[in-house]
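# Build me a model:
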Amino acid sequence: MHLLYGLLVLLSLSDGFSPNCPGRCSCDSMQAVQCYRLLEVPSGIPSTTKRLYISHSRIPHLQLSNFTQLVALEDFILLASGTESVENDTFKTLSTLKTLEFWKNKLRRVPSALPANLEVLKLNDNSIYVLHRSDFEGLKKLKILELKNNLISSLSPNMFSSLVSLQSLMLDGNNMETIAGPLTLPHLKHMSMENNKLHLIPGSFFTSLHSLQFLSFSGNFLTKIPVNLPKSLLSLKMERNQLKVVRFQDMKYLENLSHLYLSENFLSSIEGAQLLANLTTLELSQNQLRMFPLKLPARLQKLDCSNNMIQKVTAQDFQDLQDLKHLFLDNNVVSLFEAGALQRCSQLSNLALEQNLLLSIPLKLPGTLARLDLKGNAIQDITEGELKDLKQLQVLNLRNNKISALDLKVLEGLPRLRHLYLDGNPWNCTCSLLRAREVLKAKGTDVRGGQCAAPAERQGESWMSSKKIMRQCEHYLHLIEKSKENKKKPKPEDLSSIRISMDDDYYDYELD
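Okay, here's the model as predicted:
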């Protein structure tokens, strides 16, 4: 008996087992209780519990009596438990409660009479369709409010007036068509209203948001950038709207703005962005640009112009972008890439040119490049001159081009190459490719692809791994070596036994 009791004590210390812990729950020494697949809030939860997590249960209704004994509770999280309603004043007496989260339930309104010490309230993925000012009265310490993926259709200016400490407000994925201002939240830093149905943001909406730094209206029906944005703004997200023009003249007072996201709109040109002097990230993917944006900010570090209709790239486009590190021009129709167009970009490390109309690799690319993506062009040859300065290149993507051979000097000039993608090219698998294989193996380069298109007898084989090609070429190379050494007809011998180590350093004779 004593031995059994000792084992139970040991288990309680090591596995979180507690004789006072309710069924289908686990209790640990940090006063945390986790419960799964319940039909009600269990009555035997220790009164010292600070964190209560209930998940994937069937608890349609919460009531005051469920929590009267939990006098130390600080965090309550209820996830995917089918909860539809909460009795009035259920949480009112929980003076220590700081975090209340109801995720993926069926609430139709905000729980009433929430405790004054609450700092985090997350009611995402419910069925709340209307907000009342009384829902948030007394919550002067609330810092985070999330109401994402509900059914809220409007927002009035005095809705959150009592939330004097609020720093983050998330209202993504609702049915909001109208919002009114001013929104009086003096300490608000983050606000997101993504994926709603907004057509217009009133000019008065931001007049009292003096601390706002991160703002997102992505996924709405806005035709212009809101006016009177806070000067404190650092990041503005306007993707997936209906913008046709951006008037940077009206935004030049945003001297702190560093990130601007305008992808998936209807922009046909971008001019005047240099007025946002501190902009470091500009995303313009999936618009209707036919030419490269004019006069970009000199401090720009990331520029995404992918999925547009840009036809050419010239040195004039990049003459002032010396801080640029990441450039995305994939999925355009670039056929002209001026030699040295990017040479002023002395910090460029990532260049994406996939799915364009290039016939060759652009000349005089910056030596700082670490990744170069050229997938899906019409490149036929790779010459030493095109890549000779790319001593820092680590990733080279050449998939789906028209390349049939690799120049050894090109590979030898890329000392840091770690990943090479060759799929979808019509490789002519003569034995000369084996020297390229050895150079790549010596570097430790991870090579993907390399299937033979010719000659016919090697079609479908991989010149990087086919043992058949290796055997055939070893035989051939051995004969060449013997011819050089003896300069006379070799003695008859069993050619099937000839093997040459492909790892030998003296592998330096010429191949056809």
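
# ranges for the strands of the stretch 1-150 of the chain?
With DSSP state E, counting those that start in this stretch as the criterion, the stretch 1-150 of the chain has strands at 25-27, 32-36, 51-55, 61-62, 75-79, 85-86, 99-103, 120-122, 144-146.

# ignore the last one, the stretch 351-500 of the chain
With DSSP E, counting those that start in this stretch as the criterion, the stretch 351-500 of the chain has strands at 371-373, 395-397, 419-421, 427-428, 446-448, 452-454.

# could you give me the average pLDDT of the third one?
Pointing back at strand 419-421 there. On average, the pLDDT along strand 419-421 is 94.

# tell me what it is packed against?
Secondary-structure packing of strand 419-421 (3 or more Cβ pairs under 8 Å, 6 or more residues apart in numbering; DSSP states H and E): strand 395-397, strand 446-448. Every C-beta, even on glycine, is put in place using the N, C-alpha and C of the backbone.

# where does the protein have low pLDDT?
In the prediction, the chain carries residues with pLDDT under 70 at positions 1-19, 475-512.

# one more time with 50, if that's ok
Residue ranges of the chain with pLDDT under 50: 1-17, 484, 488-512.

# ranges for the helices of it?
Using DSSP state H, the helices of the chain run over 2-14, 384-387, 408-412, 433-443, 467-486.

# Using CSV, lay out the strands of the stretch 351-500 of the chain together with mean neighbour count.
Converted to CSV, the strands of the stretch 351-500 of the chain look like this (neighbours: other Cβ atoms under 10 Å):
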stretch, mean neighbour count
strand 371-373, 19
strand 395-397, 21
strand 419-421, 19
strand 427-428, 20
strand 446-448, 14
strand 452-454, 16
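
# Generate CSV for these, with distance to Ser285 as supplementary columns.
Compiled in CSV, those are given as follows (distance: least, Cβ to Cβ, whole Å):
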stretch, distance to Ser285
strand 371-373, 15
strand 395-397, 18
strand 419-421, 22
strand 427-428, 33
strand 446-448, 26
strand 452-454, 34
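
# give me every residue that touches Trp427.
Ile403, Ser404, Ala405, Leu433, Gly450, Gln451, Cys452, Ala453, Ala454, Trp463 (Cβ atoms under 8 Å, 6 or more residues apart in numbering).

# The same query, at a cut-off of 10 Å, please.
The contact partners of Trp427, taken as Cβ atoms under 10 Å, 6 or more residues apart in numbering, are 403-406, 433, 449-454, 458-459, 461-464.

# What of Val110?
86, 102, 121, 123, 126, 128, 130-132, 134-136, 145, 147, 150.

# Repeat that for Gly181.
Gly181 makes contact with 155-157, 201-209, 228, according to Cβ under 10 Å, 6+ apart.

# which of these count as buried?
Burial by neighbour count, 16 or more other Cβ atoms under 10 Å: within those this picks out Leu155, Pro157, Ile201, Pro202, Phe205, Phe206, Ser208, Leu209, Asn228.

# can those go into CSV with extra columns for distance to Pro366?
Shown next, in CSV, are the buried ones among the contacts of Gly181 (distance: Cβ to Cβ, whole Å):
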residue, distance to Pro366
Leu155, 48
Pro157, 51
Ile201, 40
Pro202, 46
Phe205, 43
Phe206, 40
Ser208, 46
Leu209, 41
Asn228, 40
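
# of those, closest to Tyr421?
Ranked by distance to Tyr421 (Cβ to Cβ), those are led by Ile201 at 44.2 Å.

# list the contacts for that closest one?
Neighbour list for Ile201: 178-179, 181, 193, 217, 220, 222, 224-229 [criterion: Cβ under 10 Å, 6+ apart].

# Dihedrals phi and psi, it?
The phi and psi values for Ile201, taken as degrees, to the nearest 10, are phi -110, psi 120.

# Tyr443 against Leu417, yeah?
Slight slip there: residue 443 is Lys, not Tyr. Yes: contact criterion Cβ atoms under 10 Å: Lys443 and Leu417 qualify, at 5.9 Å.

# Between the two, tell me which one has more neighbours.
Leu417 (23 against 17; other Cβ atoms under 10 Å).

# List the residues that contact the more buried one.
Neighbour list for Leu417: 387, 390, 392-396, 410-411, 439-440, 443-447 [criterion: Cβ under 10 Å, 6+ apart].

# Please name the nearest non-neighbouring residue to it.
Spatially, and ignoring its direct neighbours in sequence, Leu417 is nearest to Thr445 (5.2 Å; Cβ to Cβ, 6 or more residues apart in numbering).

# can you tell me how far that neighbour sits from Leu406?
Distance, Thr445 to Leu406, by Cβ to Cβ, to the nearest Å: 12 Å.

# who touches both of these two?
Residues within reach of Thr445 and of Leu406 at once, by Cβ under 10 Å, 6+ apart, are Leu420, Val439.

# Which one's more surrounded, the two?
Neighbours were counted for Thr445 and for Leu406 using other Cβ under 10 Å; Leu406 has more, 24 against 17.
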